[in-house]
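A.B. asks: Build me a structure from this.
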Amino acid sequence: MTKIYLAGGCFWGTQHFVRQLRGVESTRVGYANGHTENPTYDQVKYEHTGHAETVEVVYDETVLPTKKLLDCYYMTIDPLSMNRQGMDFGVQYRTGIWYEDESLAPEVEASLAELAQKLGRKPAIEHGRLEQFFDAEDYHQDYLVKNPAGYCHISPELLARAKEL
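C.D. replies: Numbering: from 1, shown residues only. Just a heads-up that it's a prediction; the model follows:
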């Protein structure tokens, strides 16, 4: 299994989308790459901890290659937007691709270079080694499964297509 961390704005929608992709074994939402130990949602939202709402994705690369996973992720975000996705704005809603295993670095770099070429400019997506990840509170885990009418910045049409990608 391979593990990668994706920040795509509000983690509810990112988790709901990614968990439906064939080859994804598990997901967890949490807070990554900030400067506070074990932050709470309220701290991340109101106290400027520097964390990003992030989804840990564990996947089978033989079923879902990293390149395909990242291409699907790009479909869910505005890759040129800094610290904003949908109606959410702030550092906690920035986009990012982080990993613990350095062997993913070349794939991430190549994917972002390809995206930049398509866009005609560099995307506003942080990337690199994961500094830290703290689990979000239980009520955030699989939020849109528990609350199907909950807020999501990803279009319902794209969420419905996730299983087909």
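A.B. asks: buried set for whichever helix or strand Ser26 is part of?
C.D. replies: If you go by DSSP states H and E, Ser26 is part of strand 24-32. For strand 24-32, burial by neighbour count (16 or more other Cβ atoms under 10 Å) applies to 24, 27-32. Placement of C-beta: from N, CA and C, glycine included.
A.B. asks: Could I get the CA-only coordinates of it as PDB?
C.D. replies: In PDB, the C-alpha atoms belonging to strand 24-32 read as follows (Å, rounded to 0.1, in the frame of the first residue of the first chain):
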ATOM      1  CA  VAL A  24      -8.300   3.500  -2.400                       C
ATOM      2  CA  GLU A  25      -8.100   1.300   0.700                       C
ATOM      3  CA  SER A  26      -8.700   3.900   3.500                       C
ATOM      4  CA  THR A  27      -8.900   7.600   4.200                       C
ATOM      5  CA  ARG A  28      -8.600   9.800   7.300                       C
ATOM      6  CA  VAL A  29      -9.100  13.500   7.600                       C
ATOM      7  CA  GLY A  30      -6.800  15.600   9.700                       C
ATOM      8  CA  TYR A  31      -4.600  18.600  10.000                       C
ATOM      9  CA  ALA A  32      -1.200  18.800   8.300                       C
END
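A.B. asks: Can you give the strand pairings for it, parallel or anti for each?
C.D. replies: strand 52-59 (antiparallel), strand 133-135 (antiparallel) (DSSP bridges).
A.B. asks: For it, what is the distance to the chain centroid?
C.D. replies: Here the centre of strand 24-32 is set off from its chain's centre by 9 Å, with Cα atoms, centre = their mean, to the nearest Å.
A.B. asks: in whatever helix or strand comes next after it, what's buried?
C.D. replies: Once the chain leaves strand 24-32, the next helix or strand it forms, by DSSP H and E, is helix 41-46. By 16+ other Cβ under 10 Å, the buried positions in helix 41-46 come out as 44-45.
A.B. asks: Likewise for stretch 66-76?
C.D. replies: 66, 68-70, 72-76.
A.B. asks: same question, stretch 150-161
C.D. replies: So for stretch 150-161, counting by 16+ other Cβ under 10 Å, buried means 152-154, 159.
A.B. asks: can you map out the helices along the protein?
C.D. replies: Applying DSSP state H to the chain gives helices spanning 11-18, 41-46, 66-75, 105-119, 143-146, 156-161.
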